[in-house]
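A.B. asks: Give me a model of this one.
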Amino acid sequence: MNIEKYDEIRASLPAGVRLVAVSKFKPAEDISALYQLGQRVFGENHAQEMRAKHEQLPKDIEWHFIGHLQTNKIKYIAPYVSMIHSIDSFDLLKEVNKHAIKNERTIPCLLQFHIADEETKFGFTLEECEEMLLNESFQELKNVKIHGVMGMATFTDDHDQVRREFHHLHQIFDELKTRYFSQNPDFKELSMGMTEDYPIAIEEGSTLIRIGSAIFGPRY
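C.D. replies: Numbering: from 1, shown residues only. Next comes the predicted model:
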């Protein structure tokens, strides 16, 4: 684990930008070491792995689910998850709401948009998202709260392309805020930027950067 890099990233963050330390496939001991340095927000993308770590580690950790979420795995994270970054369909949001009701919680969520060239990435188009937001049944979901948007840029060395994709996500955020969430003060999060591209993401308005390998080392 690279504590020096962690300190460097933390020191470089502007006001209003939070670091999600992506700890997937890393042991609880590594998370505990960062916890001792004051890190409280950790990101995982496997529900059962996140549940196991939640059971082992301090309860004031904010667990953010950042991976593709299958509906049959929601039950593992619904009791405690602090935020789900990866809501990519109306059906998924409805299922999260069901499990939030069972746990007597309101779960903060981000809407994931497909902004990259790569077909392997998930996410709404703006048209699909607006269709959901205009659906009467969306208004009936009282146990989820939309806090913003998330997206992943194309994995490329073309920084101009990455910047365009992040800029596009910020435009989507602004449009949704204006048209659908102007009365929702919680709609303020732009989750974009990972180890390879987080400086560009910050320049384009990110409020949550998801950093894993730069801090914890490569995953095998």
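A.B. asks: Distance of the most centrally placed residue in the chain relative to Ile3?
C.D. replies: Central residue of the chain (Cα atoms, centre = their mean): His85, 3.0 Å from the mean position. Distance, His85 to Ile3, using Cβ to Cβ, to the nearest Å: 25 Å. C-betas here are computed from N, CA, C, even on glycine.
A.B. asks: Please give the element, helix or strand, for Leu111.
C.D. replies: In the assignment (DSSP states H and E), Leu111 maps to strand 107-113.
A.B. asks: and the lengthiest helix in the chain, what other elements does it pack with?
C.D. replies: If you go by DSSP state H, the chain has its longest helix at helix 159-179. Judged by 3 or more Cβ pairs under 8 Å, 6 or more residues apart in numbering; DSSP states H and E, helix 159-179 is in contact with strand 107-113, helix 126-133, strand 144-151, strand 189-191, helix 198-203.
A.B. asks: switch the cut-off to 7 Å
C.D. replies: strand 144-151, strand 189-191, helix 198-203 (3 or more Cβ pairs under 7 Å, 6 or more residues apart in numbering; DSSP states H and E).
A.B. asks: In a markdown table: the ones you listed, plus mean neighbour count and distance to Phe90.
C.D. replies: Supplementary listing: the helices and strands packed on helix 159-179 in a markdown table, determined by neighbours: other Cβ atoms under 10 Å; distance: least, Cβ to Cβ, whole Å:
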| stretch | mean neighbour count | distance to Phe90 |
| --- | --- | --- |
| strand 144-151 | 24 | 11 |
| strand 189-191 | 24 | 19 |
| helix 198-203 | 19 | 27 |
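A.B. asks: Nearest to Leu34 among the ones you listed would be which one?
C.D. replies: With Cβ to Cβ as the criterion, Leu34 lies closest to helix 198-203 of the helices and strands packed on helix 159-179, at 16.7 Å.
A.B. asks: if we look at the closest one, which residues are touching it?
C.D. replies: Pro14, Val17, His159, Val162, Arg163, Phe166, Met192, Gly193, Ile209, Ile211 (Cβ atoms under 7 Å, 6 or more residues apart in numbering).
A.B. asks: Following element in sequence after it, please.
C.D. replies: Following helix 198-203 in sequence order, the next helix or strand is strand 208-211 (DSSP H and E).
A.B. asks: Next secondary structure after that next one?
C.D. replies: Moving toward the C-terminus from strand 208-211, the next helix or strand (DSSP H and E) is helix 213-216.
A.B. asks: Now do that next one: distance to the chain's middle.
C.D. replies: Per Cα atoms, centre = their mean, to the nearest Å, the displacement of helix 213-216 from the mean C-alpha position of its chain is 17 Å.
A.B. asks: List phi and psi for Tyr76.
C.D. replies: Torsion angles at Tyr76 (phi, psi; degrees, to the nearest 10) stand at phi -80, psi -20.
A.B. asks: for the closest residue in space to it that isn't next to it in sequence, what are its contacts?
C.D. replies: Closest residue in space to Tyr76, ignoring its immediate chain neighbours: Ala47 at 4.0 Å, by Cβ to Cβ, 6 or more residues apart in numbering. Going by Cβ under 7 Å, 6+ apart, Ala47 touches Lys73, Tyr76, Ile77.
A.B. asks: repeat that with 8 Å
C.D. replies: Ala47 sits next to Phe65, Leu69, Gln70, Lys73, Ile74, Tyr76, Ile77 when contact means Cβ atoms under 8 Å, 6 or more residues apart in numbering.
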